[in-house]
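Student: With the sequence up front, the predicted model follows.
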Amino acid sequence: MGAGPELGADTGGLQARIGTALDSPDVRFGGQIGLGALAVLIFVGILYPAPLPILFLGIVLGSLSALIAMGIVLVYRANRIINFAQGDLGAVAAILAASLIVGPKWPFFLAVSVGFVAALALGAITEILIIRRFAKSPRLILTVATIGLQQLFVFGQLVIPRAFGYDTTPQPPVPFKFRFKWDFVVFQGGHLLIIIVVPIVTLALAAFFRYTRVGIAVRASAESADRAALLGVPVKRVQTLVWVIAAGLGALATLLRLPIQGVAIGGALGPALLLRALAAAVLGRMEMPRTFGFALLLGAIEQAVLYVTGRTLIVDGVMFGLILAGLLLQRRDRLFSRADETGASTWASIREVRPIPRELRRLPIVRNTVTGGIVLAAALLVLYPLRMSPSSVNLLGVGIIFAMVMLSLALLTGWAGQISLGHLAFAAFGAAVAGSLAQHGWNFFLCLLIAGLVGALVAVLIGLPALRIQGLFLAVSTLAFALATGVFLLNREFFPWLVPDESKRVIRPVLFGKFDLETEHTYYFVVLVIFLLVVASVRSLRNSRSGRVLVATRDNVRAAQSYGVSPLRARLSAFALSGFIAALAGAVYMFDQHGLNPSSPILETPRNLLVFSMAIIGGLGSIPGALLGAAYLTFLNNSSLTRTASAQFLGSGVGVLFILLVLPSGLGGLLYDVRDALLRRLATARGIVVPSLLADVRVEEHQPDEASLGDVEVESLDTIELETVRS
């Protein structure tokens, strides 16, 4: 009997020790490896069975994505951003090498060496001249700056071949003669070069970071730049070295790809291949060994799917599912061990726009100025188009449609704090649904309504992972969604019931038996009315309790929860409302274009990055900022100055970097700064104390009671002694 308690105690201690052992990092990591291997075996052995040569080929090609992914990880750990220019930075080197080989007939390895050195120099210049200028900026701003850099690098890719007399990128020959056939898969010199170089570079990189003093300094700076600086680490030089190494990895990946697949002008990697590197980095939790392993697995899976289906379109859809599933299945504490560090400063760039102070709102000059501005805007939107040609009116209407997309993005990203890099995909779903219904003879307004509801539903489904995936990781998943939408989800070959028949022209109806929407001017005014309704709705939402809840949840989730706010409900509501507006804009766009074809801009994945960067240029914190971003996007797309692709890439890239450097709050922030400056001068001239504007004015003790002032105009404040002090 006496042994019972001792036995129970021993059993309890044994269970505790077993539980501790099972919860150890090594056991968890081993379990993850086992489950991952089992999942891969099921995938490539049952779902998409592929022979060993195909899987080996996938591993070889996946190692190139691994180099890109490791560069992304390096930059992320050094700057806490995702570098969207990683692939195109290396592509500049590849195109330079290809041009030297085919143009002046340089030897392969000499040209590749020159391209590699050029990439290293470009990485150093990029960090010193651009990235270092954003050292104290929010991480969102720096991430968008990499999108601007990506546009500039694409511009360089377009210009370099022309310097050698080529309009398109030349495709160089193989480096040396080698041929090995494994069943039906032929491996040539380019494959052998990858098999030799990538393992050597990977092992050298691992040894560099683990055993050299410089590598240890890089790791220390990545963990905590401030602590490393206190310990005497030259953080700036270390970060420059990180960008040089990342540029070298990107260049090496694209240069090794030259003999196998060549390089495409205007983006050597493109969104699809860049997304594979981003997926490996995110699934690998921004850690080098895991990232390298996931890149190899994704490469094998991609080749298996391609072998079974023979379609790259299906590969993109499968990749989206794998990315989403991989992120959702990971433990939240592990997934955000590094990502949460960026949360505090990410949204400092979204400046809250204050309304006109109530002390000045009723002044006649203020009322007349506001009224005059509204009348002028109305005249420009209503009267001036009457003098424009039908084609010009159509372009203006498209600009207004994209302004609605910008407003939906401001709602989701600016106010709710959910980064979306695939927002045009919601508009594409709305266009597809409206087009299918219109071809079946449905009513015009009913098509718009149902398209908006479907867009809201799709946005909520995409927003569900936002409960676990936030920040830049959510951005990668939305970018994958945009890619899958453009090539797979809205492909009539796979979903004929969802996508309208592109061979059938959608006819705009005659409304109320009077207004023929086939006339460009008539349809423009319908678009304008819908746009004004959207603006009024978004403005009303921002001024309501729901809008304040969105901003509170964005800024501080825990503080919002303490006031009884549900972050789950707030975020899903933001996704639903934003998706509805974007899908509504897509439906209107579909009627404007008389259908939806595979080459439509709203189905292009790079266009999503452009729209997001234009929204940042305008300013995500306000409605006028979103409209200014849409105006700049319309200028890039339609101006006679930017008809060429190179001019558009240059304008967008330079525009993004210039705005972020000079006006971190965007064009909308500049607009409100000018307004506040004028209001401040008016308040000073009238002797009106406006605390929200006159932060540098101190009111002395003898001042009237606030209750006696009320909301009326203050005309007798001359007796109050004002003393200007330093702000």
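Tutor: Structure's in. What do you need?

Student: helix or strand for I356, which one?
Tutor: Under the assignment given by DSSP states H and E, I356 is not contained in any helix or strand.

Student: ok, it touching V366?
Tutor: Yes: between I356 and V366 there is a contact at 6.5 Å, judged by Cβ atoms under 8 Å. For the C-beta atoms, the positions are set from N, CA and C on the backbone; glycine is no exception.

Student: what do the two both touch?
Tutor: Common neighbours of I356 and V366, counting by Cβ atoms under 8 Å, 6 or more residues apart in numbering, are L679.

Student: The two - which one has more neighbours?
Tutor: For I356 and V366, the more surrounded residue by other Cβ atoms under 10 Å is I356, and the numbers stand at 19 against 16.

Student: Run through the residues that contact Q188.
Tutor: 174, 178-180, 259-260.

Student: Could you rerun that using 10 Å?
Tutor: 174-181, 259-260 (Cβ atoms under 10 Å, 6 or more residues apart in numbering).

Student: and stretch 680-694, how far from the chain's centre?
Tutor: Mean-position distance between stretch 680-694 and its chain equals 40 Å (Cα atoms, centre = their mean, to the nearest Å).

Student: Pull up the distance across stretch 131-143, start to finish.
Tutor: The straight-line separation of the ends of stretch 131-143 (Cα to Cα, to the nearest Å) is 10 Å.

Student: buried sites along that stretch?
Tutor: 131, 134, 137-143 (16 or more other Cβ atoms under 10 Å).

Student: same check, this time on stretch 212-221
Tutor: For stretch 212-221, by 16+ other Cβ under 10 Å, it's 215, 217-218, 220-221.

Student: okay, who's weakest in the contacts of Q188 by pLDDT?
Tutor: By pLDDT, V174 ranks lowest within the contacts of Q188, coming in at 71.

Student: SS state for that residue?
Tutor: Three-state call for V174 (DSSP: H, G, I helix; E, B strand; the rest coil): coil.

Student: one step back: in strands, which of the buried residues of stretch 131-143 appear?
Tutor: Using DSSP state E, no member of the buried residues of stretch 131-143 falls in strands.

Student: what about the stretch 151-300 of the chain, any weak spots by pLDDT?
Tutor: For the stretch 151-300 of the chain, residues meeting the criterion pLDDT under 70 lie at 167-173, 222-224, 263-272.

Student: rewinding a little: including distance to L671, could the contacts of Q188 go into CSV?
Tutor: CSV is the format used below for those (distance: Cβ to Cβ, whole Å):
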residue, distance to L671
V174, 56
P175, 55
F176, 60
K177, 63
F178, 61
R179, 64
F180, 63
K181, 65
P259, 52
I260, 50
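
Student: helices and strands around the host helix or strand of Q561, which ones?
Tutor: Using DSSP H and E, Q561 sits within helix 557-562. Judged by 3 or more Cβ pairs under 10 Å, 6 or more residues apart in numbering; DSSP states H and E, the packing partners of helix 557-562 are helix 545-555, helix 567-593.

Student: Lowest average pLDDT across these?
Tutor: Mean pLDDT is lowest for helix 545-555 among the helices and strands packed on helix 557-562, at a mean of 84.

Student: Which positions in the helix holding Q561 come out as buried?
Tutor: Of all the residues in helix 557-562, those buried under the rule 16+ other Cβ under 10 Å are 557, 560.

Student: CA atoms only for that helix, dumped as CSV, please.
Tutor: What follows is helix 557-562, C-alpha atoms only, in CSV (Å, rounded to 0.1, in the frame of the first residue of the first chain):
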residue,chain,number,x,y,z
VAL,A,557,-4.5,44.9,-31.2
ARG,A,558,-4.3,44.3,-27.4
ALA,A,559,-5.4,47.8,-26.6
ALA,A,560,-8.4,47.4,-28.9
GLN,A,561,-9.3,44.1,-27.3
SER,A,562,-9.3,45.7,-23.9
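
Student: what does that helix rub up against?
Tutor: For helix 557-562, contacts defined as Cβ under 10 Å, 6+ apart pick out 343, 417, 470, 548-554, 556, 565-567, 570-571.

Student: Tell me the most packed of these, by neighbour count.
Tutor: For the contacts of helix 557-562, neighbours tallied by other Cβ under 10 Å; top is L550, 27 neighbours.

Student: Does it touch V538 like I think?
Tutor: No: counting by Cβ atoms under 10 Å, L550 does not reach V538; the two are 11.5 Å apart.

Student: Pull up the overlap in contacts between those two.
Tutor: Common neighbours of L550 and V538 (Cβ under 10 Å, 6+ apart) are 411, 415, 577.

Student: CA-only coordinates of the helix or strand where L278 lies in PDB, if you can.
Tutor: According to DSSP H and E, L278 maps onto helix 270-283. Extracted in PDB, the C-alpha atoms of helix 270-283 (Å, rounded to 0.1, in the frame of the first residue of the first chain):
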ATOM      1  CA  GLY A 270       9.400  37.100 -63.400                       C
ATOM      2  CA  PRO A 271       6.700  36.900 -60.700                       C
ATOM      3  CA  ALA A 272       6.200  33.100 -60.900                       C
ATOM      4  CA  LEU A 273       9.900  32.200 -60.300                       C
ATOM      5  CA  LEU A 274      10.400  35.000 -57.800                       C
ATOM      6  CA  LEU A 275       7.400  33.800 -55.900                       C
ATOM      7  CA  ARG A 276       9.000  30.300 -55.600                       C
ATOM      8  CA  ALA A 277      12.000  31.800 -53.900                       C
ATOM      9  CA  LEU A 278       9.800  33.900 -51.700                       C
ATOM     10  CA  ALA A 279       7.800  30.800 -50.800                       C
ATOM     11  CA  ALA A 280      10.900  28.900 -49.800                       C
ATOM     12  CA  ALA A 281      12.100  31.800 -47.700                       C
ATOM     13  CA  VAL A 282       8.700  32.200 -45.900                       C
ATOM     14  CA  LEU A 283       8.200  28.400 -45.400                       C
END
